[in-house]
Structure formats: structure tokens, C-alpha cells
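Q: what's the 3D shape of this:
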Amino acid sequence: MNNAFTRQIVPIGLAIGLLWYVLKDVPLNQLAEQFQRADYGWLSLVALLIGLYVVVRAARWRLTLQAIGFSPSLFRATIALLAGALAGMIVPGAGELTRCSTLQRTDGVPLTQGIGSVVAERIVDLIMLAAILLLTVLMEFSRMRQYVTSITLALPNTMLILCLITLCVLIGLILLWGSRQQNVRQHPFVLRVTTLAKGFEKGFLAIRQLPQPGFFIGLTLASQFITWLSTYCLLLTTDETRLLPPTAALTIMAVGSIGGLAVPTQGGIGTYHFLVSRALVLYGFAAAGGAVVATFLHAVGFGINLLLSSASFLILPILLRKKRSSITRQPVS
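A: Residues are numbered from 1 along each chain as shown. This next block holds a predicted model:
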């Protein structure tokens, strides 16, 4: 069994296992009734907010790309972001590579520099996630403490950790030795890796050369606010969740994000259901009721994202044809 196959099968297995565990005691008719009773006026607003979120994220990505000398239009950056979102729903972790390769095809942004800019964005997002977790703990301290103690996390084997540390040290020593050998530095493979690393570094360091750092921070805060607002509007769509406090949306947002980092699965399937359903228990829901609500929340968000992302694969061929036509029409000097 090769590594690529394993990387695809393991997330699918985890998603199915967690989903079965959460929904094994939930009657399917309860899930159907949840959608029938939903307020579709609020759901329409949620769809608009999710669309706005994508545009805001694309506008923020453009700033990091402008810092390394590329200026794709907001529309093309949005299409690339949506293409990446669809790929991430199919294969966990493929979203970043897909959106960067898409922008490489439409605007000629080097793949390594594009990935570097995305990594820089991810670091900012991790900082924001830490701030959200801190805010959630401060506002819902008693509930969060109960939530953490209610979930048992298996600690990694100590020997495995020591082996990984030893391996990293050995790799570091080998790289240090190789960097001092002239014949090693001139090897074609080493030159290729060095070129890739420099491109990655340039994209990553773009975060330090932003043309509008204040605007970047504003877009980052706006994207987090839109995420919270769309989650809260989702809670307003059903009678069961309409009376939950705004902090409940913050808790759902926090635990859902942690789940996506800790156990990445296709579109958060399984991990979101498990973690959010347990969080809802702290707000008075039974385990089965929390599972129904978590399934509803995830299905709505996943469905809207799937529709928006699918549109990118209809629009992308048009953009590529226009690019080829413009290249063909250019006069030969």
C-alpha cells in the first residue's frame, strides 16, 4: 500500500468511523425534520455570508501576492480559492496546492511562491485561532473546562516521540554536513531543492512586505467575524437552537476549527459532528439532539461551500481560454 493511497484512505476511514459513532443512536427522521423546520430566510443570509467570506479571504490573499510582485484580479483569486476548497473536500490538505496551481495557470504565479504566501496566511490564521480559543475560554470558562475534561485524548507513545526527535536531529546533521560539501551543493537534485526552498521562502516572507498591512489585519478580523456571524445565523434557523447565546456560536466555531487541525477529514466530516455535538451538550442538549444539530449545521455549511466551489470548475476553463486567446493575439516582436 503506497503512501498516497494511505493518505486518502485514512481520512475517509476516520470520517466514516466518527460519523457512525455520533449518529448511531439518532433516528434518521429527526434529521429530515430538522431541515423541514428550518427558516430558509436565515439560510439564505448564511449563504450570502459564506460567499462574502470567500471574497474577503481572496482579497487578503491578493495582498500577500502583491507583496511578491503579482496582482491577480480579485475574481481570479476568488476562483482559485474556491477550486482549492473543492479539492480540500475531496482530499484533505489538497486545497492549498490546488488553489496555488490554479493561480499559476491563470496568472503565472510560481507554485512555490504561491504556497509560501499560503503558509504565511496559515500562520496568521493559527494566531487568530489561538485568540478565538482564549476569548472562548474567557467568556465560557466553566463550559469549556467541562468540555475539555469530557473528551479523552490519547497521549502519543513516549518512545515514538523520542524516535521522531532523533530522526529530525539526524536529518538536520546530514543537511548541515551536505551544505558544507561543494560537490553536494552543486548536485542537480540539491540545486532543484534549493531553488524550490528560495521560492517558498520568498512567498512566506511576503507577510513582512505587505503593501497595506492595516488592510490585511482588517480583512483577517473581518473573515473571523463573518465566520462567527454565519454560525450564529445558522443557530437562528431552527427553534431548537434559536435561544442559544451568541457565545455558543463562538464555542462551535472554536471546537470546529480545532477538529479540522487535529483530525483532518474530507470537509470536516466526522470530526465536526463529534466535537460540536459534545459542545452542544454543555448548552443543555442531549447527546442525540446535539448530534442532530451538529449534522444540520455541517450539512448546510458543507452544501453551500460545495455549490460555490463547484462553480469554480465551470468558470476556470473560460478563464484559461481567455488567457490562451490573449497570448495568441499578442504581436510577435
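Q: where does pLDDT dip in the stretch 51-200 of the chain?
A: For the stretch 51-200 of the chain, the stretches with pLDDT under 70 are 142-200.
Q: what about residue 239, how many residues nearby?
A: 10 (other CB atoms under 10 Å). For glycine as for every other residue, the C-beta is placed from the backbone atoms N, C-alpha and C.
Q: apologies, that question was intended for residue 84.
A: As a burial measure, residue 84 scores 23 neighbours (other CB under 10 Å).
Q: check residue 322 too.
A: Neighbours of residue 322 using other CB under 10 Å come to 11.
Q: could I get the contacting residues of residue 35?
A: For residue 35, the contact set (CB atoms under 8 Å, 6 or more residues apart in numbering) comprises 296, 299.
Q: can I get the strand or helix carrying it in PDB? Just the C-alpha atoms.
A: Assigned by DSSP states H and E, residue 35 belongs to helix 28-36. This file holds the C-alpha atoms of helix 28-36, laid out as PDB (Å, rounded to 0.1, in the frame of the first residue of the first chain):
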ATOM      1  CA  LEU A  28     -33.000   9.500  10.500                       C
ATOM      2  CA  ASN A  29     -36.400  11.100  10.600                       C
ATOM      3  CA  GLN A  30     -35.100  13.600  13.200                       C
ATOM      4  CA  LEU A  31     -32.500  14.700  10.700                       C
ATOM      5  CA  ALA A  32     -35.100  15.100   8.000                       C
ATOM      6  CA  GLU A  33     -37.400  17.100  10.300                       C
ATOM      7  CA  GLN A  34     -34.600  19.400  11.200                       C
ATOM      8  CA  PHE A  35     -34.300  20.500   7.500                       C
ATOM      9  CA  GLN A  36     -38.100  20.700   7.100                       C
END
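Q: what are the buried residues along that helix?
A: When burial is assessed from 16 or more other CB atoms under 10 Å, helix 28-36 yields the following buried residues: 31, 34.
Q: buried stuff in the helix or strand following it?
A: Going down the chain from helix 28-36, the next helix or strand is helix 40-66, by DSSP H and E. Neighbour counts over helix 40-66 (16+ other CB under 10 Å) mark 42-43, 45-47, 49-51, 53-66 as buried.
Q: kindly report the same for stretch 219-232.
A: For stretch 219-232, burial by neighbour count (16+ other CB under 10 Å) applies to 219-220, 222-224, 226-232.
Q: residue 116: which of those residues is nearest?
A: Of all the buried residues of stretch 219-232, residue 116 sits closest to residue 220, with 17.8 Å by CB to CB.
Q: what residues are up against the closest one?
A: 60, 124-125, 128.
Q: mind doing that once more with 7 Å?
A: Contacts of residue 220 were listed using CB atoms under 7 Å, 6 or more residues apart in numbering, and they are 60, 124, 128.
Q: surely the first one and residue 218 touch.
A: Pointing back at residue 60 there. No: using CB atoms under 7 Å, residue 60 is not in contact with residue 218; the gap is 9.1 Å.
Q: rewinding a little: what angle sits between the helix holding residue 35 and helix 40-66?
A: For helix 28-36 against helix 40-66, the angle by axes from the mean of the first three to the mean of the last three CA atoms, to 10 degrees is 80 degrees.
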